[in-house]
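Participant: everything below, folded, please.
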Amino acid sequence: MGADGWPGLAAAARRILCAAHVLIGGPRQLDLLPEDACPGERVPWPSPLRPAVPGLIEGYAREGRRIAVLASGDPFFHGIGRTLTELIGHDRLYIQPHPSSVSYACARLGWPLEATETISLVGRPLDALTAALHDGRRLLLLGEGPESPARVAALLRERGWGGTRIRVLEQLGGPTERIVDGAAADWPYARVDALHVLALDCVRDPDALRLGAVPGLPDEAYEHDGQLTKRYVRAATLAALAPAPGELLWDVGGGSGSIGVEWMRAHRSCRAITIEKSPERAARIARNAAALGVPALEVVTGPAPASLAGLPAPDAIFIGGGLTAPGLLDACWDALPAGGRLVANTVTLESEALLADHYRRFGGELVRLAVAAAVPVGGFTGWRQAMPVTQWSVTKGSPAA
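Facilitator: The predicted model follows:
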């Protein structure tokens, strides 16, 4: 159901609610039902909700009572539909969808739904919004609480997006629907209606660093102490790692966290764990992850390979430091499942010898990456060569391995 409640429901939905012995939902949704038309027992969701669902549903089902569950908007768009499907099975459900808040918002704004990215802020770190900010991009945000727009505006100002237009669409589809409009730079509203969607027309400030959508962000995007996989080598490393949706990376010897950060920026469902022995650098990695829109990057502080024990199995591993630590390379290889990828970079002869040995044993690809930058030489211009990087990449269980 929508904010308009009973009057906005289709006839089929009304028939289901009128015939139900038990009506389960949030207090706001239950209050929208007329008692004379819907005489069933009203049961508010307990908190926490998810652990209580199976017992609650099964208890009424054993009694042979018809159960209707109320959802806000479309039950399968960030709604209760997913939870019910996972916990009791889709074959036991009949779903009567309603327009989602996003459908209403696009209708009010004239935005094509298929071209509009939607991000939920409910139960998620606000910093995750940063990864979706691109000049000229339109975003819809599902807000969490009356202060959400003010918090979003503050983040936009901090990250260099103060010119972004913010529209708050309140009580969509209901009798008190309204739109609040303003710019992030001088957003005047501390609170809005709790039931809202935010619409952003993203505008980057002229002096803000431009961040692209592919690996190889500018080095200036990172806070670092010199321990940073530089831009062009980083892009080549991510290409070798080949992140795919839902995959997990171990970034061993995280340094500034750039490989883990850009792995997670490749897709919103990508996950990464960075292992870094220096507490100072580990804290820096967490700050970089938040600033670049992937606050869910997990940082493990401790030496490798000891700190690898007990971590969930990775789909890929990157080793950017500590290759000469006893047993590290073999421990990483052993942790990879069949089909997993391993990429290791080094600039020292000692580590290069290790990579050459493993290349002979397991195959894969051994390459040298050399980058030179143009610099002033007196009144002229010449090339300054960076230290070459030796890179070993291999897929476990591949024909070459």
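
Participant: so after the one helix or strand in the chain whose mean pLDDT sits lowest, what's the next helix or strand?
Facilitator: Within the chain, no helix or strand scores below helix 49-62, which has a mean of 89 by mean pLDDT, DSSP states H and E. Per DSSP states H and E, helix 49-62 leads on to strand 67-69 as the next helix or strand towards the C-terminus.

Participant: and the angle for the following helix or strand past that next one with helix 49-62?
Facilitator: Reading on from strand 67-69 to the C-terminus, the next helix or strand found by DSSP H and E is helix 80-88. Angle, helix 80-88 to helix 49-62, by axes from the mean of the first three to the mean of the last three Cα atoms, to 10 degrees: 70 degrees.

Participant: point out where the stretch 151-300 of the chain drops to low pLDDT.
Facilitator: Along the stretch 151-300 of the chain, segments meeting pLDDT under 70 are nowhere present.

Participant: can you do 90?
Facilitator: Within the stretch 151-300 of the chain, the segments meeting pLDDT under 90 span 226.

Participant: which parts of it are helices?
Facilitator: Secondary structure of the stretch 151-300 of the chain, counting by DSSP state H, counting those that start in this stretch: helices at 231-241, 258-265, 279-291.

Participant: once you drop chain neighbours, what's closest to T164?
Facilitator: Distances taken as Cβ to Cβ, 6 or more residues apart in numbering put A184 closest to T164, at 4.6 Å, once the chain neighbours are dropped. Where C-beta positions appear, they are placed from N, C-alpha and C, glycine not excepted.

Participant: please save the CA atoms from stretch 385-392 in PDB.
Facilitator: Presented in PDB, the C-alpha positions along stretch 385-392 are these (Å, rounded to 0.1, in the frame of the first residue of the first chain):
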ATOM      1  CA  GLN A 385      61.300   6.500 -15.300                       C
ATOM      2  CA  ALA A 386      59.500   5.100 -12.200                       C
ATOM      3  CA  MET A 387      60.700   1.900 -10.700                       C
ATOM      4  CA  PRO A 388      59.600  -1.000 -12.900                       C
ATOM      5  CA  VAL A 389      57.000  -3.300 -11.300                       C
ATOM      6  CA  THR A 390      57.100  -7.100 -11.800                       C
ATOM      7  CA  GLN A 391      53.600  -8.600 -11.700                       C
ATOM      8  CA  TRP A 392      52.600 -12.300 -11.400                       C
END
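
Participant: give me the most central residue, the protein.
Facilitator: R268 (3.8 Å; Cα atoms, centre = their mean).

Participant: now the strands for the stretch 251-400 of the chain?
Facilitator: 271-276, 298-301, 316-319, 341-346, 365-369, 372-377, 380-385, 389-395 (DSSP state E, counting those that start in this stretch).

Participant: make TSV from these and add mean neighbour count to it.
Facilitator: TSV is the format used below for those (neighbours: other Cβ atoms under 10 Å):
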stretch	mean neighbour count
strand 271-276	26
strand 298-301	19
strand 316-319	26
strand 341-346	24
strand 365-369	13
strand 372-377	10
strand 380-385	9
strand 389-395	22
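
Participant: please convert those strands to TSV, extending it with distance to G8.
Facilitator: Converted to TSV, the strands of the stretch 251-400 of the chain look like this (distance: least, Cβ to Cβ, whole Å):
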stretch	distance to G8
strand 271-276	39
strand 298-301	43
strand 316-319	48
strand 341-346	51
strand 365-369	59
strand 372-377	62
strand 380-385	67
strand 389-395	53
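
Participant: show residues contacting the least confident helix or strand of the chain.
Facilitator: Applying Cβ atoms under 8 Å, 6 or more residues apart in numbering, the contact partners of helix 49-62 are 21-22, 24, 43, 45-46, 67, 83-84, 87-88.

Participant: which ones are touching the nearest residue to I285 once chain neighbours are set aside?
Facilitator: Leaving aside its chain neighbours, I285 sits nearest to G257 (3.3 Å; criterion: Cβ to Cβ, 6+ apart). G257 makes contact with 222, 251, 274, 276, 284-286, 288-289, 297, 299, according to Cβ under 8 Å, 6+ apart.

Participant: still on that earlier bit, L238 versus the residue nearest to T164, what's the distance?
Facilitator: According to Cβ to Cβ, to the nearest Å, A184 and L238 sit 31 Å apart.

Participant: before we move on, what about H21?
Facilitator: Taking Cβ to Cβ, one finds H21 at 55 Å from L238.

Participant: of the two, which one has the most company?
Facilitator: Shown here are H21 and L238; by other Cβ atoms under 10 Å, L238 has more neighbours (23 against 14).

Participant: was I right about the more buried one contacting P215?
Facilitator: Yes: contact status for L238 versus P215: in contact at 3.6 Å, counting by Cβ atoms under 8 Å.

Participant: okay, and the common contacts of the two?
Facilitator: What both L238 and P215 touch, as defined by Cβ under 8 Å, 6+ apart, is the set 262, 266.
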